[in-house]
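In: Predicted coordinates and the sequence they were generated for:
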Amino acid sequence: MRCGTIALVSSRPASAQHLRDLARLRRVKDRIDREYAKPLDVEALARGVHMSAGHLSREFRQAYGESPYSYLMTRRIERAMALLRRGDLSVTEVCFEVGCASLGTFSTRFTELVGMPPSAYRREAARATAGIPSCVAKQVTRPIRNREAPAASRN
């Protein structure tokens, strides 16, 4: 009987397993979206869906085009942009509010994604988005990764 169970499990279509894996990856992505400000690391995310950290990273990158860590940092930077546009928190307060533990790492990643340091963004965003509804400002100020930018702007 035991051998029959193994044969039954291994004879399932690969697409069923693939769909289960995609569902687990979606749970990870949803958790990042929900808990971006909490201390999250790839190992904890992987444990939550019963995967190894390496397997999660490979599968997440294949499904979404970036690593779980990169996705987490992008969510944090997007939220930081909104807080900086609001203007009532310092850059340091924003850094910790979005879940970053290091101001240096936050500033470096922010500059990579946005193209300017957080303090400069705060000054520019206040001028650029004055009078624009926040829902529109959020959309037009979303960070663009190099692979998403139009080819002409990368040259």
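Out: Received, thanks. No experiment lies behind these values; they were computed from the predicted model shown. Residues are numbered from 1 along each chain as shown.
In: Give me the helices and strands touching the lengthiest helix in the chain, please.
Out: Here the longest helix in the chain is taken by residue count, with DSSP state H as the criterion, and it is helix 14-35. Taking 3 or more CB pairs under 8 Å, 6 or more residues apart in numbering; DSSP states H and E as the contact definition, the neighbouring helices and strands of helix 14-35 are helix 42-48, helix 53-64, helix 68-86. All C-beta spots, glycine's among them, are computed from the backbone N, C-alpha and C.
In: List the buried residues of that helix.
Out: Using 16 or more other CB atoms under 10 Å as the test for burial, helix 14-35 gives 21, 24, 25, 28, 29, 31, 32.
In: Lowest-confidence one in those?
Out: Checked by pLDDT, those have residue 21 as the lowest-scoring entry (87).
In: Next, count neighbours for the nearest residue to that residue once chain neighbours are set aside.
Out: The shortest distance from residue 21 to any residue other than its chain neighbours is 6.1 Å, reached at residue 59 (CB to CB, 6 or more residues apart in numbering). When neighbours are defined as other CB atoms under 10 Å, residue 59 has 20 of them.
In: Identify the residues contacting the closest residue in space to residue 33 that isn't next to it in sequence.
Out: Using CB to CB, 6+ apart and skipping the chain neighbours, the partner closest in space to residue 33 is residue 75 (6.2 Å). Residue 75 is in contact with 32, 33, 36, counting by CB atoms under 8 Å, 6 or more residues apart in numbering.
In: Identify, from the residues you listed, the entry nearest to residue 63.
Out: Of all those, residue 32 has the smallest distance to residue 63: 13.1 Å, by CB to CB.
In: if I look at the closest one, how far off is residue 102?
Out: Note on residue 32: its distance to residue 102, by CB to CB, to the nearest Å, is 19 Å.
In: next one: residue 125
Out: The spacing between residue 125 and residue 102, counted by CB to CB, is 23 Å.
In: Likewise for residue 93?
Out: According to CB to CB, residue 93 stands 14 Å off from residue 102.
In: now residue 48
Out: Residue 48 sits 24 Å away from residue 102, going by CB to CB.
In: Who has more neighbours out of those two?
Out: Taking neighbours as other CB under 10 Å, residue 48 and residue 102 compare with residue 48 leading, 14 against 11.
In: if I read this right, the more buried one contacts residue 30, doesn't it?
Out: No: here residue 48 lies out of contact with residue 30, judged by CB atoms under 8 Å, at a distance of 10.8 Å.
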